[in-house]
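> Got a predicted structure here, sequence first:
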Amino acid sequence: MKLALNRYIVESLHRFYDFTILRFNNLTIFFCVLIFQLPVHAQSPLSGMISTRSVSGQFIVVGPKQISPIANSLAVKTNSQLIRLDPALLAISAERIKDSLWHELGINNQWRGQIFLALHSARSPDENVTIISTKFSGGWDYHVELPDILSRTRFMRALTGVMLLEFANRNAGARSAEIPVWLVDGLSQELLVRGDSEMILSSPDSTINGFAENRTVTTQRGLDPLAGARNILKNSAALTFDQLSWPDDDQLFGDDGGIYRASAQLFVSEILRSKNGTANLRAMLESLPQFYNWQTAFQKAFREKFSSPLDVEKWWALRVVSFVARDPGSMWTPATSREKLDEILSASVEFRSLSNNLPTHAEVSLQAVIRNFDSARQTEILQTKLRDLGLAQLRVSPQFAALTDSYRRAVADYLGQDGKPATPNRRVKKTGANDTLKKLDALDAQRRTIEETIKPDIFAPRNLNTAAP
């Protein structure tokens, strides 16, 4: 019996990689603790190993001094989706991923469970990741075994999974939480598309003229974060909630064309955007250890929104239809729409405080342009702004679409340009300066009200190619 159970554990570890411990029942978790208890506590680095601790102290990283020999293979060097981990960079990446994940979920309380990250030399580019939870009298600790070369997706899934598990188990008793796979996949995909180059730090790919050079894969900030999911789901039907709840092997390994991960990302995104969605998701995570399965915790946390599993399916079906029908192309996020609109509604000017001083640059409002500039200069600036507002209207998020059009019409009315073909017998009545100023002031007040509801984008844009000494 013990031999059979041990074989089942080992097979499960290899089968489910990132999500092994999340799929086990209590008996198997306890048995894993007995088997792996010694490696979990082996914090002293062995010969040829180095160790480091992250800035918060939550992550203890141990790994070999030299990266795996397969790092020099052509298959690894030419694959931009593979990353090379070393202890120092891994400690930084773990902290950045945690900060971004907690920002996404609105979590700001302190960690309780220690997370040990153990690196080993990769033998192939597609090795598994193992996560083990260990129960002690003071709480839970976590041991994550990672190859030093693995894909960005697998790395993000592993770190997201163990951090969600640590949060869910902060008040757990003897029973560890069961984290739904769709939540791990959905949140990890969200983090990947929003800025993995800022979070995932990889060892240098090569050295050129004495300088270490990295190839960086960057997702441009401000565009549709669901663009990748949209490309997949426009050709394949999104999975039902029941299918998300019970993924098969192909879906777990990503061998389904990415349909599972795209569906999970969309589902998590829609949940977070729904009324009280973030708070409900936190409540579900916190209550997971109280139940034998996550479905019960989900139903309890979202009972005001979904009174039955059928209600979840109905809501999800409507969200999928709406998503497929709505293709924003390169639509800006709300935060980027705000920044772009702020930029358009100001003019860059130069002035000299004294005649012999160097010119000083300043940003002034359109109202200042109308009040202080001569007619020719006004027309030159406002014509440019009119064009920019017309282009922006095609890309701003829905919150700013009507407002952008109102700004465009106010400027067009002041310039006497209503967009209709001009004829010799047709004269366009211009709006006076005072009336235009009042319109712009009122629109600015509306803009400030909308901006108060917009959260900032987490990640700033970076250069696509970086080099570090």
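That came through, no problem. Residues are numbered from 1 along each chain as shown.
> ranges for the strands of the stretch 51-200 of the chain?
59-64, 82-84, 115-120, 130-136, 139-147, 149-151 (DSSP state E, counting those that start in this stretch).
> Quick one: closest of these to L443.
strand 82-84 (46.2 Å; CB to CB). (Each C-beta comes from the backbone N, C-alpha and C, glycine too.)
> Which other helices and strands does the closest one contact?
strand 149-151, helix 152-168 (3 or more CB pairs under 8 Å, 6 or more residues apart in numbering; DSSP states H and E).
> Just send these back as CSV, with mean pLDDT, distance to K438 and mean neighbour count too.
Shown next, in CSV, are these (pLDDT from 0 to 100; distance: least, CB to CB, whole Å; neighbours: other CB atoms under 10 Å):
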stretch, mean pLDDT, distance to K438, mean neighbour count
strand 149-151, 93, 57, 22
helix 152-168, 95, 50, 24
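> Please render those as TSV that adds distance to Q299 to the earlier fields.
Output for the helices and strands packed on strand 82-84, formatted as TSV (distance: least, CB to CB, whole Å):
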stretch	distance to Q299
strand 149-151	34
helix 152-168	16
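> Of all the ones you listed, which one is nearest D99?
Comparing the helices and strands packed on strand 82-84 by CB to CB, helix 152-168 comes nearest, at 10.4 Å.
> by how many degrees do that closest one and strand 139-147 diverge?
170 degrees (axes from the mean of the first three to the mean of the last three CA atoms, to 10 degrees).
> helices or strands next to helix 152-168 in the packing?
helix 20-23, strand 82-84, helix 87-105, strand 115-120, strand 130-136, strand 139-147, helix 181-199, helix 277-287.
> helices and strands of this protein: which one bottoms out on pLDDT?
helix 2-16 (a mean of 34; mean pLDDT, DSSP states H and E).
> on that earlier part again, minimum distance to E304: which of the helices and strands packed on helix 152-168 has it?
Closest among the helices and strands packed on helix 152-168, using CB to CB: helix 277-287, at 8.1 Å.
> residues in contact with the closest one?
105-107, 164, 167-168, 170-171, 177, 179, 183, 270-272, 294, 297-298, 300-302, 305 (CB atoms under 8 Å, 6 or more residues apart in numbering).
> how about a cut-off of 10 Å?
104-107, 164-165, 167-172, 177, 179-180, 183, 187, 268-272, 274, 276, 291, 294, 296-306 (CB atoms under 10 Å, 6 or more residues apart in numbering).
> Run a quick neighbour tally on G257.
Per other CB atoms under 10 Å, the neighbour tally for G257 reads 13.
> Could I get the contacting residues of it?
I232, N235, S236, D250, Q251.
> From these, which land in helices?
Per DSSP state H, helices hold the following members of the contacts of G257: I232, D250, Q251.
> Surely I344 is in contact with I381?
No. Judged on CB atoms under 10 Å, I344 makes no contact with I381 at a distance of 11.3 Å.
> what's the overlap in contacts for the two?
L366.
> ok so, going back, who wins for most neighbours among the ones in helices among the contacts of G257?
Q251 (23 neighbours).
> Quick check: pLDDT value at that residue.
Here the pLDDT value assigned to Q251 is 91.
> which residues touch G228?
Q189, L192, V193, T219, G258, R261, A262, Q265.
> ok, of the residues you listed, which one's closest to V62?
For the contacts of G228, the nearest to V62 is L192 (25.6 Å; CB to CB).
> Need the nearest residue in space to L440, chain neighbours excluded.
Q367 (5.4 Å; CB to CB, 6 or more residues apart in numbering).
> Okay, and the one you found sits in which element?
helix 366-372 (DSSP states H and E).
> about what we covered before: now the strands of the stretch 51-200 of the chain in CSV, with distance to T336?
Formatted as CSV, these follow (distance: least, CB to CB, whole Å):
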stretch, distance to T336
strand 59-64, 32
strand 82-84, 27
strand 115-120, 33
strand 130-136, 35
strand 139-147, 34
strand 149-151, 28
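> Compare the ones you listed and give me the one nearest A376.
Of the strands of the stretch 51-200 of the chain, nearest to A376 by CB to CB is strand 82-84, at 55.7 Å.
> Given that closest one, what are its sheet partners and their directions?
Its sheet considered, strand 82-84 pairs with strand 149-151 (antiparallel) by DSSP bridges.
> Quick one: residues in contact with the strand it pairs with.
Against strand 149-151 from outside (CB under 10 Å, 6+ apart): 17, 67-68, 70-71, 73, 76, 79, 81-85, 119, 121-129, 155, 157-158, 202-203, 254.
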